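A.B. asks: fold the following for me, if possible:
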Amino acid sequence: MGEQHEDQEHGAEPARPPLTASRAREMTAGLREAMDDVRRSVAVLAARVRDAHAARVWLPLGHSSWESYCAAEFGISRAQAYRLLDVARSLTAIHGAVTAGTETSRTRDSDPHGAAALDYGLSQRALIAVSSRAEDVAELITRRLTTLAHSGLQALDTATVRAVVRQAVRDIRTAPPPPSDDTSADPTIAALRRVVDELAASTHAIGELMLEVAPAYLSDTEAADVLALLCEEIGEPLDHGLAARRYAISGDRRALHGTVL
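C.D. replies: Next up is the predicted model:
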């Protein structure tokens with residue numbers, strides 16, 4: 001009774017008779033297929049956004065800018081309009097890296113200019129998170145694919161390329177941006193830089209936690225409503241939590257200015 005009551009509190013349907021293993025596998029396969037469809041649609045959308053923005057599609061339709069075009073034609077906010085560009089930027093860079101890294105071993109015959117030519121299995125959130133470091137992701141993918149191709153130890157089939165891409169995105173996404181190359185002979189300044197770098201790294205980790213609770217597609221205002229209780233529980237000012245979340249999304253340390261830094 002307790003479990004049934006808890007399900008009803010959370011809006012779930014009442015418990016049904018236990019599924020057979022066969023039916024459970026069938027339902028899981030359906031879920032997996034739906035998730036793959038969503039990821040593929042993100043890639044197709046990103047390719048079309050890239051082409052539309054490059055063509056300045058808003059001008060012939062009488063709009064003054066990309067954001068006003070998106071608001072009028074699709075009813076989306078300025079932030080959402082630019083997040084679409086972030087996704088397009090990331091996928092274009094990734095596809096270029098895959099093309100460069102697999103030029104001696106094609107993974108699939110397809111339009112070389114289509115960012116959706118290969119289903120990399122990346123979520124929109126992951127693509128937004130690395131958009132400001134798309135060049136780093138592309139360089140890492142190219143280097144790893146080229147190394148694999150030259151080693152001859154593993155064929156660059158679709159599954160291998162997909163795994164390399166996903167791991168590279170994960171590696172760049174979870175690692176804070178490298179510290180500035182500026183060096184100083186003054187040990188005090190060098191020590192201060194190390195402290196700032198450590199603070200930025202810990203803040204990036206907090207930002208990843210914030211993203212688990214308030215995903216990247218939420219605006220700052222929407223995220224604040226979601227994160228207020230969490231920040232109170234962990235003793236973190238809400239503005240610091242929001243800044244950490246922005247940093248985890250963008251990888252740009254300027255997101256922390258005036259709050260954490």
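A.B. asks: who are the contact partners of the residue nearest to Ala72 when sequence neighbours are not counted?
C.D. replies: Spatial nearest neighbour of Ala72, excluding adjacent residues (Cβ to Cβ, 6 or more residues apart in numbering): His63 at 6.1 Å. Where C-beta positions appear, they are placed from N, C-alpha and C, glycine not excepted. When contacts are counted by Cβ atoms under 8 Å, 6 or more residues apart in numbering, His63 touches 69, 72-73.
A.B. asks: could you tell me which ranges of the chain sit under the pLDDT cut-off?
C.D. replies: For the chain, applying pLDDT under 70 flags the ranges 1-15, 102-119, 152-155, 176-185, 217.
A.B. asks: try 90
C.D. replies: Along the chain, segments meeting pLDDT under 90 span 1-51, 54, 67, 76-137, 139-164, 166-237, 239-261.
A.B. asks: ok, back up a step: which SS class is the residue nearest to Ala72?
C.D. replies: Following DSSP: H, G, I helix; E, B strand; the rest coil, His63 is assigned to coil.
A.B. asks: try Leu122
C.D. replies: Per three-state DSSP, Leu122 ends up coil.
A.B. asks: helix or strand: which one has the residue nearest to it when sequence neighbours are not counted?
C.D. replies: Excluding the flanking residues, the one nearest Leu122 by Cβ to Cβ, 6+ apart is Val169, at 6.1 Å. Using DSSP states H and E, Val169 sits within helix 158-174.
A.B. asks: which elements pack onto that helix?
C.D. replies: The elements that helix 158-174 packs onto, with contact taken as 3 or more Cβ pairs under 8 Å, 6 or more residues apart in numbering; DSSP states H and E, are helix 78-101, helix 124-129, helix 134-151.
A.B. asks: please identify the deepest-packed of these.
C.D. replies: helix 124-129 (a mean of 23; mean count of other Cβ atoms under 10 Å).
A.B. asks: figure out how far that helix is from the centre of its chain.
C.D. replies: Relative to its parent chain, helix 124-129 has a centroid offset of 1 Å by Cα atoms, centre = their mean, to the nearest Å.
A.B. asks: which other residues reach that helix?
C.D. replies: Outside helix 124-129, the residues that touch it by Cβ under 8 Å, 6+ apart are 42, 46, 83, 86-87, 90-91, 169-170, 173, 211, 215-217, 248-249, 251.
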